[in-house]
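Peer 1: here are the coordinates; sequence isn't available:
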């Protein structure tokens, strides 16, 4: 099973178009929030087009799951054909249990506690726009970075892929693998 992980598109259609190529053949794509809105602290470039992004997400060739981010407004649910779930979405696919959350309302201890409570393999989050891929006990924590407005040491857009027992962070610039970690 191939699962795409994406976060922080912030209304940028070009980010989605690049990500969709990486996700080709995916069985499922999970978005960890800040889908259509840019918020007051993020820049707005020419490619910012939340309605065009909504149409592209609605016509994606694979099913999608959305977790609500701090820049996602109630009105955004009217533009998307899938619900935006809050405070997190639980996904059971390909023999894995995964929680998708934006990450702005949960402390690290909360994530670890929820991981145990729901017997999770993976907690996927966004919000910081910074790549994170690490194991904490038996729980794998992944932040694929931002597909649109990256921050941190790897200052280029990225997404995640869960496939063949690995989680990989992939550059949207050239499709190269940035980091990877075994699941389980």
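Peer 2: In hand now; what should we look at? Note that this is a predicted model, so its numbers are computed, not measured. Numbering: from 1, shown residues only.
Peer 1: Return the helix or strand in this structure with minimum mean pLDDT.
Peer 2: helix 108-117 (a mean of 91; mean pLDDT, DSSP states H and E).
Peer 1: Give me the residues contacting it.
Peer 2: Contacts with helix 108-117, where a contact means CB atoms under 8 Å, 6 or more residues apart in numbering, come from 88, 99, 101, 103, 106, 120, 123, 125, 136-139, 141. No exception for glycine: its C-beta is placed from N, CA and C like everyone else's.
Peer 1: If we use 7 Å, what do you get?
Peer 2: 99, 123, 136, 139, 141 (CB atoms under 7 Å, 6 or more residues apart in numbering).
Peer 1: and if you look at stretch 64-76?
Peer 2: Residues contacting stretch 64-76 (CB under 7 Å, 6+ apart): 10, 28-39, 57, 80, 82, 84-86, 88-89, 91, 100-102, 104, 126-127.
Peer 1: Now do the helices for the protein: every range, in order, please.
Peer 2: Taking DSSP state H as the test, the helices found in the chain are 13-22, 50-58, 108-117.
Peer 1: Go through the ones you listed and pick out the most buried.
Peer 2: Mean neighbours per residue, mean count of other CB atoms under 10 Å, is largest over the helices of the chain for helix 13-22, with a mean of 20.
Peer 1: What average pLDDT does that helix get?
Peer 2: In this model, helix 13-22 has an average pLDDT of 98.
Peer 1: Packing partners of it?
Peer 2: Helix 13-22 is packed against helix 50-58, strand 158-163, with contacts defined by 3 or more CB pairs under 7 Å, 6 or more residues apart in numbering; DSSP states H and E.
Peer 1: what would these look like in CSV with mean pLDDT and distance to residue 65?
Peer 2: Compiled in CSV, those are given as follows (pLDDT from 0 to 100; distance: least, CB to CB, whole Å):
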stretch, mean pLDDT, distance to residue 65
helix 50-58, 97, 11
strand 158-163, 98, 13
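Peer 1: now for the ones you listed, which one comes closest to residue 183?
Peer 2: Among these, strand 158-163 comes nearest to residue 183, with 6.7 Å by CB to CB.
Peer 1: What are the contacting residues of the closest one?
Peer 2: 2-6, 19, 22, 131, 142, 144-145, 147, 150, 167-172, 178, 183.
Peer 1: Which stretches in this structure count as strands?
Peer 2: 3-6, 28-31, 64-67, 84-85, 88-93, 96-101, 122-124, 131-136, 139-144, 158-163, 166-171, 177-182 (DSSP state E).
Peer 1: Could you list the paired strands of the third one along with their orientation?
Peer 2: In the sheet containing strand 64-67, the strands it pairs with under DSSP bridges are strand 28-31 (parallel), strand 84-85 (parallel).
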